[in-house]
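> No letters, just coordinates:
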């Protein structure tokens with residue numbers, strides 16, 4: 001482990017990330033760039049949020065900060081000292097509970113101190129204090145299987161806090177919990193933080209929940225994807241405790257939606273024809289049911305064709321990882337436009353919402369072939385072949401010239417789902433064959 005540097009003064013930054021870059025080598029020897037030119041400073045007393053969609057490199061950045069991975073470029077300094085490995089003084093709470101099922105609550109919490117060779121009496125004192133602090137007093141001898149999800153995550157917090165870190169990294173720690181449990185745990189955490197009862201000096205929270213970021217953070221860094229990068233920084237000056245019904249709270253949520261849908265930071269599907277085939281694209285996995293449901297909701301009163309994205313998210317109980325891909329797919333298909341944090345339906349989007357099932361399919365097929373070059377490419381290949389069939393590898397190989405194998409697989413599966421709904425071609429998952437067996 002790195003030796004923990006001493007704090008010179010409260011004004012000294014806890015952390016400096018300078019021009020950090022992270023890439024991975026692909027199977028074909030090419031480079032997959034995950035993070036590009038990320039700069040981040042964390043000072044004592046701050047909760048800094050990293051907000052963005054899945055795949056924007058937020059968790060990768062946390063691993064660089066924790067010393068679990070090394071940057072491909074730039075540097076990470078903790079208290080002025082380069083991070084070259086797991087740094088003492090930086091702890092992490094994960095999305096999954098990551099507890100050892102054969103250990104009790106007390107044993108799970110004490111594990112980190114034992115690894116640091118802390119004296120036995122000190123281990124006991126600090127472990128019991130951390131368990132009490134996080135609200136699990138009385139459950140010391142319980143095993144993880146006996147605890148609810150919220151209690152198991154509390155054990156994760158106690159385990160991270162017991163080593164008295166300067167920086168606590170939180171990687172979507174509430175996302176695996178039900179809504180009420182997550183809200184309770186967030187509120188308890190913020191109360192402990194505001195009262196100065198936790199042995200930490202700064203927090204970095206990774207989230208894709210905009211309201212969670214506004215509720216918890218002092219600063220919010222908005223990330224875009226392909227590659228992951230910071231596109232804006234938003235200060236949160238609303239006094240704690242923060243009320244979701246406060247107009248200032250709602251205004252800040254709206255501002256963030258606008259920032260995340262602005263062209264400078266938009267993480268839309270790429271449609272960039274390359275080599276004449278038009279397959280240099282990444283398609284999100286969004287079901288036709290969600291697309292139809294979103295069109296119907298926006299078309300109906302009280303929205304009547306134009307809706308505020310935060311209101312739609314609340315109405316349909318969708319987070320940005322669900323709402324944004326659906327809204328952007330409707331924009332890609334020319335059924336809707338996204339502007340200023342709003343979604344408004346184009347005439348054919350309204351026509352789709354009003355149409356019967358068969359007419360919806362015809363509209364969807366027409367737009368899919370017109371505005372998604374990959375769909376037109378697959379259909380053209382099938383039309384031209386004597387057998388009107390082609391293996392999926394035929395298209396995966398082309399996609400992998402432009403993206404990783406995993407993303408290529410996801411893109412093709414997204415297309416298959418839409419094409420089945422539109423009935424423009426068929427796909428047999430067992431044989432991996434595309435065909436015109438059941439087209440309109």
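That came in fine, so what should we check first? What you see is a predicted model, and the numbers here were worked out from it, not measured in a lab.
> how about the strands in the stretch 301-440 of the chain?
Along the stretch 301-440 of the chain, counting by DSSP state E, counting those that start in this stretch, strands occupy 306-308, 336-339, 342-345, 389-391, 426-428, 433-435.
> Among those, show me which one is buried the most.
Across these, the average number of neighbours (mean count of other CB atoms under 10 Å) peaks for strand 342-345, which reaches a mean of 22. Using the backbone N, CA and C atoms, a C-beta is placed for each residue, glycine as well.
> what about residue 175, distance to residue 82?
The span separating residue 175 from residue 82 equals 31 Å under the rule CB to CB, to the nearest Å.
> actually residue 116, not the one I wrote
21 Å.
> out of residue 175 and residue 82, which sits in the more crowded spot?
For residue 175 versus residue 82, the count of surrounding residues by other CB atoms under 10 Å is larger for residue 175: 16 against 12.
> residues in contact with that one?
By CB atoms under 8 Å, 6 or more residues apart in numbering, the contact set of residue 175 is 95, 182, 207, 208, 209.
> could you say what helices and strands the helix or strand bottoming out on mean pLDDT in the chain packs with?
When each helix and strand of the chain is scored by mean pLDDT, DSSP states H and E, helix 309-316 comes last, with a mean of 86. With contacts defined as 3 or more CB pairs under 8 Å, 6 or more residues apart in numbering; DSSP states H and E, helix 309-316 has these neighbours: helix 247-261, helix 288-299, helix 320-332, strand 342-345.
> JSON lines please, covering those and showing mean pLDDT.
Shown next, in JSON lines, are the helices and strands packed on helix 309-316 (pLDDT from 0 to 100):
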{"stretch": "helix 247-261", "mean pLDDT": "90"}
{"stretch": "helix 288-299", "mean pLDDT": "93"}
{"stretch": "helix 320-332", "mean pLDDT": "91"}
{"stretch": "strand 342-345", "mean pLDDT": "93"}
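> Just put the ones you listed in TSV and tack on distance to residue 165.
Listed next are the helices and strands packed on helix 309-316 as TSV, based on distance: least, CB to CB, whole Å:
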stretch	distance to residue 165
helix 247-261	28
helix 288-299	40
helix 320-332	28
strand 342-345	41
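> what's the closest of those to residue 370?
Comparing the helices and strands packed on helix 309-316 by their distance to residue 370 (CB to CB), the top pick is helix 320-332, with 10.9 Å.
> And the contacts of that closest one?
By CB under 8 Å, 6+ apart, the list of residues contacting helix 320-332 from outside reads 53-54, 208-210, 260-261, 266-269, 271, 283-286, 290-291, 294-295, 309, 312-313, 316, 318, 336-338, 343, 349, 371-372.
> at 6 Å what do you get?
The contact list for helix 320-332, computed with CB atoms under 6 Å, 6 or more residues apart in numbering, reads 53-54, 208, 268-269, 284, 286, 290-291, 294, 313, 336-338, 343.
> again with stretch 346-361
By CB under 6 Å, 6+ apart, the residues outside stretch 346-361 that reach it are 295, 296, 299, 335, 336, 363, 422.
> could you redo the last one with a cut-off of 7 Å?
The list of residues contacting stretch 346-361 from outside it, by CB atoms under 7 Å, 6 or more residues apart in numbering, reads 292, 295-296, 299, 305, 330, 334-337, 363, 421-423.
> who are the neighbours in contact with residue 363?
Taking CB under 7 Å, 6+ apart as the contact definition, residue 363 lies against 348, 351, 352, 355.
> Those in helices, which ones?
348, 351, 352 (DSSP state H).
> most surrounded residue in these?
If you count neighbours using other CB under 10 Å, the busiest of these is residue 352, which has 26 neighbours.
> so which helix or strand takes in the nearest residue to residue 161 once chain neighbours are set aside?
If the residues on either side of it in the chain are set aside, residue 161 comes closest to residue 130, at 5.2 Å by CB to CB, 6 or more residues apart in numbering. Under the assignment given by DSSP states H and E, the secondary-structure element containing residue 130 is helix 120-133.
> A strand includes residue 34, no?
Yes. Secondary structure assignment (DSSP: H, G, I helix; E, B strand; the rest coil) places residue 34 inside a strand.
> can you count the residues close to it?
Using other CB under 10 Å: residue 34 sits among 20 other residues.
> Can you tell me how far it is from residue 175?
Separation of residue 34 from residue 175 (CB to CB): 20 Å.
> Over to residue 135?
With distances defined as CB to CB, the gap from residue 135 to residue 175 amounts to 20 Å.
> what separates the residue nearest the centre of the chain from residue 223, distance-wise?
If you average the C-alpha coordinates of the chain and look for the closest C-alpha using CA atoms, centre = their mean, you land on residue 54, 2.8 Å from that point. Distance check for residue 54 against residue 223: by CB to CB, it reads 11 Å.
> Same question for the least confident helix or strand of the chain: list its buried residues.
Buried residues in helix 309-316, counting neighbours by 16 or more other CB atoms under 10 Å, are found at 309, 310, 312, 313.
> for the last one, what are its contacts?
Taking CB under 7 Å, 6+ apart as the definition of contact, the neighbours of residue 313 are residue 323.
> Okay, angle between the next helix or strand after the helix holding residue 130 and helix 120-133 too, please.
Read in the C-terminal direction, the helix or strand following helix 120-133 is helix 149-161, with elements assigned using DSSP H and E. Orientation of helix 149-161 against helix 120-133 (axes from the mean of the first three to the mean of the last three CA atoms, to 10 degrees) gives an angle of 140 degrees.
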